[in-house]
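A.B. asks: from the sequence below, what's the structure:
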Amino acid sequence: MEKRAIIAALLMAGLLIAYQTFFMQSPETPLAPKAEAPGPKPGASPVPAPVAVAVPSPVPVAAVPLRTARVDGPLYIAQVSSRGGDLSAWELDYRGLKPMIVPGLMGPRGITIERAGQPPRVVEFSLSRESLDLGRAAARGEITLVGDDGFGLRITETLRFRADGYDVERVLRIENQGRAAQAAEIVIGWGAPLTWPKDVTEKFQGQHPTRVVRAVNGSARHEDLAKTADLIGDGQWIGLESEWYLSALVPQTPGFRLAEGKAGDTVYVAVRAALPVLEPGKSWDGRVLAYVGPKEYDRLKALGFGLEKAVYFGGFPLPLSYGGLPMEWIAVPILWLLRWFYGYTYNYGVAIILLTVITKVVFFPLTLKSMRSMKAMQALQPQINALRSKYKSDPQRIQRETMELYREHRVNPLGGCLPMVVQIPVFYALYVSLSVAVEMQNAPFVCFGRLFGMDLWICDLAAQDPTYVLPILMGVSMFVQQKMTPTMGDPRQAKMMLFMPVVFTFMFLSLPSGLVLYWTLSNVFQITQQLYMERGGVPAKPGARATKKA
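C.D. replies: Below you'll find the model as predicted:
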C-alpha cells in the first residue's frame, strides 16, 4: 500500500475526467436502423403520405386573420398563434424569465397536413379566446382552435393548460366535410438551429438544444444535433434537449410515429400520424402531450410517460465484464435529499453543505477504519524499509517477509484502500447529481449582488465562481489534507503529491461552483476527521521485530 496516496489522487482525477467526458456530453447512441424507413431529402417530408384514394381538388377557404391568444400562469407566459395552432411564445418563469421559443429560429413548426403529390400545408385556425389566466382560481384552462386544410378536412384542436405544470395536452379531431373519401398525414413538429447564430445571444444557459433525445422501449437515446439523420420509427416520445431543459412531444393515442431530420440548417423532431381513409362525414381523434420546461426529475416522472429518462446520470464503470453501475440508483435519492433540504433552508448552497455532512457521517466508520489502517502501515514502514535493504536482491523474499510482518502485527494491507473504494461510487453519484441538477441554475449561495458586471460572490451555483475564491479555498484545503495524510514509501512520492492541489485548483476554476463547494467541504470535513484521529489516539507503533536470518 505504499502508493495509496497516488492511487487516491488518480481516483479523484478520474472522477473529474469522467465528469467532463460523460456528463458535459451525453453518450451518442444510434437511434434505430436507417433501413426502418427511407430517408427524405432535406427540407422535404421524411416519408410521403400513403396514397389510398385520389387527391380531391382544393376548395376555397376563407382567409383567417393572424391572431394570438395569451396564456398567463405561475410557471410560464405563453402565446398561441392562429397560424399552425401552436405556441408562438413560451417563456418559463424559472429563476428568471427564460424564453424556450425564439420566433424564426427555434420552436414549434405548427400543425401540418401532408398529402401525396401536394406540398405540406400549415393549417390556419380561428381562436376561441384571446387570453387565459391560470392560477388558484383557475388551475386549468383550454383554448379551442378550428381550421380547414383547403381540401375539405376540418381540424379542431383543443389546447389544455395546467397552472402547476409545463405540459400542454393537445386534443385533435379531424373531420372529412368533403364529398369524397380522403387520406392524409398529420405532422406536429419542433425545430431548432443546428448551430446557434453568432449574432444571437443565448438568454440563459441551456437555451439552445444540443441533442435529440428519443425514448424507445423504455430507454432514452441521445444524439448530437450534428449527427441527426432523417428517420421515422416507433417509440414513446421524442424531443430536443440541452443539459437542463427539454422540449418533448409525447403521443398519447395509437397511430403516431416519431420522426427526426434536418431541413437546411434546422434540426426538427416530430410526431406523425397517417390518417385512415376518412369517408365523408367520418372523423379521426388523437392526442399529443407537449412538455417544454426544465429537466426536473420528479416533475418529469410524475407525468408518467418516462420523460425522466431524459435526465442522463451515466454509469460507474465496474472492472472486468461486470458492465457499469447505473448512477440513477444512487443519484436520484441524492437529488431528492437535496430538494428536501432546500424545502427547509431555501438555499441550495446550504443544502449542499448539509448533504456533504450527511455523507461524511454515514461513511465515518469506514473512514475511521481506513485512517487507522494507514497509521498502522505507517508505523511498520521503518521495518519494511529494513527488509527491503536486507533482501534487495530477492524480491520474492521481501514480499514473504513483508506479509509475515503484516500478519504478526494484524495489519491488513488493503485496509486503507478498501473503505475508500466502497465510497467512490457514492461520491461519484454526488458529483453527478450536482452536475445535472437544473435546480442549481441561478440558485445563489452567498450573493452580495453585482459590481462592474460581476457577481459577488456566488450568485449561481451552476456557474463558475467569478472571483475564483472558492477554487482557491479548495486548493488550500486539499494541500492541508495532503500534509496531514500519513505518508508511506518513497518520500519523493509524498513531495510530488503536494503538487496535486495546484493541478486540481486549475481544473476546478471553470467547474460549477456547486461542485466546487461540495469538494471543498468534503476536504474540510476530512481534515476534521483526521484531527479527531490525532487527538483521539491511534494504534501504538508496533515494536521492532528480530529479523530472521537468511
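
A.B. asks: mind listing what's buried in stretch 170-178?
C.D. replies: Buried residues in stretch 170-178, counting neighbours by 16 or more other Cβ atoms under 10 Å, are found at R170, V171, L172, I174, E175, N176, G178. C-betas here are computed from N, CA, C, even on glycine.

A.B. asks: meant to ask about stretch 377-387
C.D. replies: Neighbour-count burial for stretch 377-387, counted by 16+ other Cβ under 10 Å, picks out M377, Q378, A379, L380, Q383, I384, L387.

A.B. asks: repeat that for stretch 274-287.
C.D. replies: Buried residues in stretch 274-287, counted by 16+ other Cβ under 10 Å: A274, L275, L278, W284, G286.

A.B. asks: between the residues you listed, which sits nearest G104?
C.D. replies: Nearest to G104 among these: G286, at 28.1 Å, using Cβ to Cβ.

A.B. asks: any idea how far the closest one is from A184?
C.D. replies: Distance, G286 to A184, using Cβ to Cβ, to the nearest Å: 13 Å.

A.B. asks: and what of Q236?
C.D. replies: To A184, Q236 is 24 Å away according to Cβ to Cβ.

A.B. asks: with neighbour numbers in mind, choose between the two.
C.D. replies: A184 (27 against 18; other Cβ atoms under 10 Å).

A.B. asks: mind listing what that one touches?
C.D. replies: A49, I113, E114, R115, D149, F151, L153, L275 (Cβ atoms under 8 Å, 6 or more residues apart in numbering).

A.B. asks: okay, stretch 424-441 in PDB with CA atoms only?
C.D. replies: Once non-C-alpha atoms are left out, stretch 424-441 reads as follows in PDB (Å, rounded to 0.1, in the frame of the first residue of the first chain):
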ATOM      1  CA  ILE A 424     -16.200   6.100  -4.600                       C
ATOM      2  CA  PRO A 425     -19.500   5.200  -6.300                       C
ATOM      3  CA  VAL A 426     -21.400   7.200  -3.800                       C
ATOM      4  CA  PHE A 427     -19.100  10.200  -4.100                       C
ATOM      5  CA  TYR A 428     -19.300   9.900  -7.800                       C
ATOM      6  CA  ALA A 429     -23.100   9.900  -7.700                       C
ATOM      7  CA  LEU A 430     -22.900  13.000  -5.600                       C
ATOM      8  CA  TYR A 431     -20.700  14.600  -8.100                       C
ATOM      9  CA  VAL A 432     -23.000  13.600 -11.000                       C
ATOM     10  CA  SER A 433     -26.200  14.700  -9.100                       C
ATOM     11  CA  LEU A 434     -24.800  18.300  -8.700                       C
ATOM     12  CA  SER A 435     -23.700  18.500 -12.300                       C
ATOM     13  CA  VAL A 436     -27.100  17.600 -13.900                       C
ATOM     14  CA  ALA A 437     -29.400  19.300 -11.400                       C
ATOM     15  CA  VAL A 438     -31.200  22.100 -13.100                       C
ATOM     16  CA  GLU A 439     -32.200  23.300  -9.700                       C
ATOM     17  CA  MET A 440     -28.700  24.700  -9.400                       C
ATOM     18  CA  GLN A 441     -29.200  27.200 -12.200                       C
END
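
A.B. asks: what residues sit buried inside it?
C.D. replies: 425-441.

A.B. asks: isn't there a helix covering K198?
C.D. replies: No: going by DSSP: H, G, I helix; E, B strand; the rest coil, the assignment for K198 is coil, not a helix.

A.B. asks: surely A274 meets E185?
C.D. replies: Yes: if you go by Cβ atoms under 8 Å, A274 and E185 touch, sitting 5.0 Å apart.

A.B. asks: dihedrals phi and psi, the closest residue to E279 other than its chain neighbours?
C.D. replies: Leaving aside its chain neighbours, E279 sits nearest to A181 (5.0 Å; criterion: Cβ to Cβ, 6 or more residues apart in numbering). For A181, the backbone dihedrals are phi -60, psi 150 (criterion: degrees, to the nearest 10).

A.B. asks: which residues sit in contact with A181?
C.D. replies: V53, V277, L278, E279, P280.

A.B. asks: and it, how far from E401?
C.D. replies: Distance from A181 to E401, counting by Cβ to Cβ: 93 Å.

A.B. asks: re the thing from before, closest to R109 among the contacts of A181?
C.D. replies: Each of these was scored against R109 by Cβ to Cβ, and L278 proved nearest at 23.3 Å.

A.B. asks: need the pLDDT of that closest one.
C.D. replies: With respect to pLDDT, L278 scores 90.

A.B. asks: then I334?
C.D. replies: pLDDT, I334: 88.

A.B. asks: SS state for it?
C.D. replies: I334 is classified as helix under three-state DSSP.

A.B. asks: circling back to that earlier point, what's the lowest-pLDDT member of the contacts of A184?
C.D. replies: Ranking these by pLDDT puts A49 at the bottom, with 44.

A.B. asks: G239 against K309, yeah?
C.D. replies: No: contact criterion Cβ under 8 Å: G239 and K309 do not qualify, at 10.9 Å.

A.B. asks: between the two, which one's more packed in?
C.D. replies: More crowded of G239 and K309, by other Cβ under 10 Å: G239, with 26 against 20.

A.B. asks: does that one have beta-bridge partners, and which?
C.D. replies: Assessed by DSSP bridges, G239 has beta-bridge partners V213, A248.

A.B. asks: what's the domain layout of the protein?
C.D. replies: According to automatic domain parsing, the chain comprises the domains 48-309, 325-536.

A.B. asks: what's the closest of the buried residues of stretch 377-387 to G449?
C.D. replies: Closest to G449, out of all of the buried residues of stretch 377-387 and judged by Cβ to Cβ, is Q378, at 48.7 Å.

A.B. asks: phi, psi for the closest one please.
C.D. replies: Per-residue torsions, Q378: phi -60, psi -40 (degrees, to the nearest 10).

A.B. asks: helix or strand right after the strand ranked longest in the chain?
C.D. replies: Ordering each strand of the chain by length in residues (DSSP state E) puts strand 283-294 first. Per DSSP states H and E, the first helix or strand lying C-terminal to strand 283-294 is helix 297-303.

A.B. asks: which outside residues touch that following helix?
C.D. replies: The contact list for helix 297-303, computed with Cβ under 8 Å, 6+ apart, reads 165-167, 246, 250, 289, 291, 293, 307-308, 310-311, 332, 335-336, 339.
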